[in-house]
Structure formats: structure tokens, C-alpha cells
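In: sequence unknown, structure follows:
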Ligand SMILES: [Fe+2]
């Protein structure tokens, strides 16, 4: 039934007061609505049903003599172009009422009921639409907040598509990104999994079948409300379905599609759903573009770092590979200490770049085989501060700066540039100091040949507690010994490539 005729009880009551006739409404199923004060219950009206049927089928005013009711009149009630019930009036035969007056009265009353019903439906439609819009808005804001905080990933896309699939009552949702095939996501309703034997092939088929000339593609979407409409789609799945796909586009770059597939043909994709999926596709495209940009920036920083390392090592022929080896030792220590990810990153960059300040020192001093003058020594001592100043403008490295600045502090406070003591020296600086000292001893320098790992560990032991943090020397020595045992007394690897 299109309208709820039971809501007209009060209305019938008012109309019944106008004349002596009894009024009632019957819907298609024979349900009877009478005024609340009516003495006649619905059970006593059963014999009016054939007359009500006649009124509804005749689509017009009817009059009849009914046993026990004397006289009855009826008009159909219409809604949405079809008859949904009847309005009947009956009474004793002595009621004097001309049929034409009765027809006019009932027709007007029926029209009031019809208009009221239309209003009722409109209000219900508006309420439905509003509540759906509210749900959409709620879903959109929740997802938008969620995906803004995430980096582009498979799990992010998967949970996004699951939410969209549920919210839009679909059976399958997908993200098809040809340039990033490894990130393609297809999610299906678990209880319908048996109907999707090969979701990837189905999605490929759906996307490939979107006609290039479809006008909606100008607005970056494609809708198919029934697969039977187009043979190319019909053959993709044994059951009829509907399908909606929206392009993932950002700045004229086409990344692929987000799409929905539903075998429920009882409804169609609504405008609000199209808008919602479009917004999601825009968000996803922006995230992909931002992630690309971020990765480009990260690659750029890595390349800048590589160039800086090459620049340092080109100046001092004896320190080739030093930065990278110090980095490897520091990574071992960080793992053993179980440092959090952020601190590992800080140590990673600081260890690779710890000597970057040597760029500002002349090659004659760096490669001088003899004893350095006081002035030259002061220049060498300035390299942590120079390194700090060189890298200060690079925001991505800001948290690694303290490790670079303090890698020549001594545990007893006699180091440089600040003479910090013990735990006042940042941990990253203390770790680099141990790794740096060990690698310097085991490498050939302008003024002396390389020493063995065993000799180097002995020297570390000697300076433990004075130059270096004793707990870190102990941990480091243990790691080096384990490493030596693993490679049968061979020293740890001396070469490699920067990541
Ligand atoms: Fe240094």
C-alpha cells in the first residue's frame, strides 16, 4: 500500500458528523478503517467487501442496495496512478441523499484523503532522504578523517572499500589501480563469497567493458542499473547485477577506478551514493598523489645525503666507506638496544652524515700524514658544528642533528664541541662515537696502518668509561665478537651500498 489509510480514522470521524451516513475506508487487502466512535466494528462490515471491490475495479463512483445496510455509496481512492482503496458511505434507506450529491461529497472527501496521502508519502520520502544523507555525511566525515591520517596502503584501501560496500548495500567493492596493480583491492560480502569465484577477473572484465564513449565519463563515472541492458556486461556474471564505477583522478592524472557491484536489483544507485563514491575517489587520488610526492621528496633527500657522503669521502681518501660502515655498526647496536623506529631513523641519518662538516676542511689538513698544528686541530674539531649548520635547513634531518653535533663528545666530559659528560650526551651521539672509534682503528689512515678487530676491541676497552660509554662498549664488543665468530674470525663486512 502506498499510503497508510489507518491514519485517517480521525478524519472519518469529522466527516461522519456532517451527515447521518457511516463512512469507512477499505484498502486493497480488505483492511477496514472506521471512525473511532463508530458503533459498527469492522467485523460487521464484511458484507461490504464485494461492493468495495466493485468500486475499486470500476475506478468510479458506485451506488448499491446492500442487505442490512439499505444503501451504500463508494468512490475509489487513488495514489500514484493506481487505486489503493475505497471510501464507502452507507446508511438506512430513509437517509435522503441524492446520488449526485453523494458522489460529489465522496469524491471531494477521497481527494482530501489522496492529497493528504501524497503529503504523507512526500514527508516519508524526505525523511528517508534526510536520514540517508545524514548517514552518508556521517560515513563521509568518518572516512575522510580516517584516510587523511593514513599513508596510502593496501590495508587502508581495503578497510575503506569494506565501509563503502556496507554503507551502499553492495555485494562487491573494488579499487582498480592499473599503475599500482599490487595495491588493487577487491572486497566481497563474506556470505556471498561463493558467488564470486574470481573477483579479480570479474573486476577486470567490468572495468574493461566500460564503453569509452559513455557520456557520464566526462564527469568521471559510469552507471549500469541492469546488466541485461548491455550484452558485454551480461556475460561477466551469471546473475543480473548493477554496477557503479568512479574514476580516481587527481590533477588530470588518471589512477584507475573505485567501483561497486550489487545483485540487488530492487533498488538503483542513488545520486547521493554517486556523490559519496566520487568524494571517496577524490580523497584516494589525493592520498596517492601526496604519497608519491612524499616518496619523491624522500628519494630526493636520500640522493642529497648520498651526494654529501661522496663529497666528504672524495676529500679524504682514507675514509672511503667509513660513513657506511659506521652506519652498519650503529644499526646493529640500535637493533640490540631495541630502539624505537623514530630513534633508529635518527641514528641512521646521523651515522651516515656524522662527518659531513669535514666538507668545510681543506684536503691538506684531512690527509696530512704528520702531526697537526694546534690551529689545524681546532679546525678539525669544528667539523661537528659545521655539519650541524650544513644540515640544519633540511627539515627531514632535524632530529638527527644532535647525533652529528655530539659524536665527538667524551664520556668523561673532555670531548668537543661542548664537553658534555655521561648521559648528558645524546644516546645517538654516544653510539656513533663507539662505532666511529672502532672503524677509525680498523681502517688505514694517512698516519698509520689498520689494526685488527681484536686490537681495536682492546683499545675500546681501554677507553671505556673515559672516552666512550662503558655500557655501549660492552654491548658493541659483544656484537663484534659474535659477528667474528659467525664469519669464522673474519672481520665484519667493510663495503656495501647506501640504501
Ligand atoms: Fe667525526
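Out: Good, I have the coordinates. Computed from a prediction, not measured in an experiment: that's the story for all the values here. Numbering: from 1, shown residues only.

In: Check what pLDDT residue 331 gets.
Out: pLDDT recorded at residue 331 is 95.

In: Would you confirm that it contacts residue 350?
Out: No. Counting by CB atoms under 8 Å, residue 350 is not a contact partner of residue 331; they are 11.8 Å apart. From N, CA and C alone the C-beta is placed, and that goes for glycine too.

In: Between those two, tell me which one has more neighbours.
Out: For residue 331 versus residue 350, the count of surrounding residues by other CB atoms under 10 Å is larger for residue 350: 30 against 15.

In: Leaving out sequence neighbours, find the closest residue to that one.
Out: Leaving aside its chain neighbours, residue 350 sits nearest to residue 403 (2.9 Å; criterion: CB to CB, 6 or more residues apart in numbering).

In: Wait, a helix at the one you found?
Out: Yes. Residue state for residue 403 (DSSP: H, G, I helix; E, B strand; the rest coil) corresponds to a helix.

In: That one: neighbouring residues, count only.
Out: A count of nearby residues for residue 403, using other CB under 10 Å, gives 30.

In: looking at it, it is touching residue 429, isn't it?
Out: Yes. Assessed by CB under 8 Å, residue 403 is found in contact with residue 429 at 5.1 Å.

In: which residues do those two both contact?
Out: residue 350 (CB atoms under 8 Å, 6 or more residues apart in numbering).

In: Can you give me every residue that contacts residue 427?
Out: By CB under 8 Å, 6+ apart, residue 427 lies in contact with residue 343.

In: so how far is residue 324 from it?
Out: Per CB to CB, to the nearest Å, residue 427 is found 21 Å from residue 324.

In: could you pull out the strands for the protein?
Out: Taking DSSP state E as the criterion, the chain carries its strands at 22-27, 32-33, 62-64, 71-79, 82-91, 172-176, 185-188, 221-224, 242-250, 253-262.

In: quick one, what contacts residue 396?
Out: Taking CB under 8 Å, 6+ apart, one finds 297-298, 301 in contact with residue 396.

In: still on that earlier bit, which of the strands of the chain sits closest to residue 49?
Out: Residue 49 sits nearest to strand 22-27 of all the strands of the chain, at 7.2 Å, using CB to CB.

In: Point out the other helices and strands that the closest one packs with.
Out: Here strand 22-27 touches helix 9-18, strand 32-33, strand 82-91, going by 3 or more CB pairs under 8 Å, 6 or more residues apart in numbering; DSSP states H and E.

In: what angle separates the last one from strand 71-79?
Out: Put plainly, it is strand 82-91. With axes from the mean of the first three to the mean of the last three CA atoms, to 10 degrees defining the directions, strand 82-91 sits at 160 degrees from strand 71-79.

In: who are the neighbours of the helix or strand bottoming out on mean pLDDT in the chain, in terms of helices and strands?
Out: Lowest mean confidence among the helices and strands of the chain (mean pLDDT, DSSP states H and E): helix 9-18, at a mean of 74. For helix 9-18, the elements it packs on are strand 22-27, helix 99-148, judged by 3+ CB pairs under 8 Å, 6+ apart.

In: counting contacts, what elements does the last one pack onto?
Out: To tie it back to what came earlier, the one meant is helix 99-148. Judged by 3+ CB pairs under 8 Å, 6+ apart, helix 99-148 is in contact with helix 9-18, strand 71-79, strand 82-91, helix 154-167, helix 271-315.

In: can you do 7 Å?
Out: Where contact means 3 or more CB pairs under 7 Å, 6 or more residues apart in numbering; DSSP states H and E, helix 99-148 is packed against strand 71-79, strand 82-91, helix 154-167, helix 271-315.

In: one step back: looking at it, the residue nearest to residue 350 is touching residue 428, isn't it?
Out: Yes. Applying CB atoms under 7 Å, one finds residue 403 in contact with residue 428, separated by 3.4 Å.

In: Show me the common contact partners of the two, please.
Out: 346-347, 350 (CB atoms under 7 Å, 6 or more residues apart in numbering).

In: Columns pLDDT and distance to residue 480 on top of those residues, output as JSON lines?
Out: Putting those into JSON lines (pLDDT from 0 to 100; distance: CB to CB, whole Å) gives the following:
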{"residue": "346", "pLDDT": "94", "distance to residue 480": "23"}
{"residue": "347", "pLDDT": "96", "distance to residue 480": "18"}
{"residue": "350", "pLDDT": "95", "distance to residue 480": "21"}
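
In: and these as JSON lines, adding distance to residue 66?
Out: Shown next, in JSON lines, are the shared contacts of residue 403 and residue 428 (distance: CB to CB, whole Å):
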{"residue": "346", "distance to residue 66": "95"}
{"residue": "347", "distance to residue 66": "98"}
{"residue": "350", "distance to residue 66": "100"}
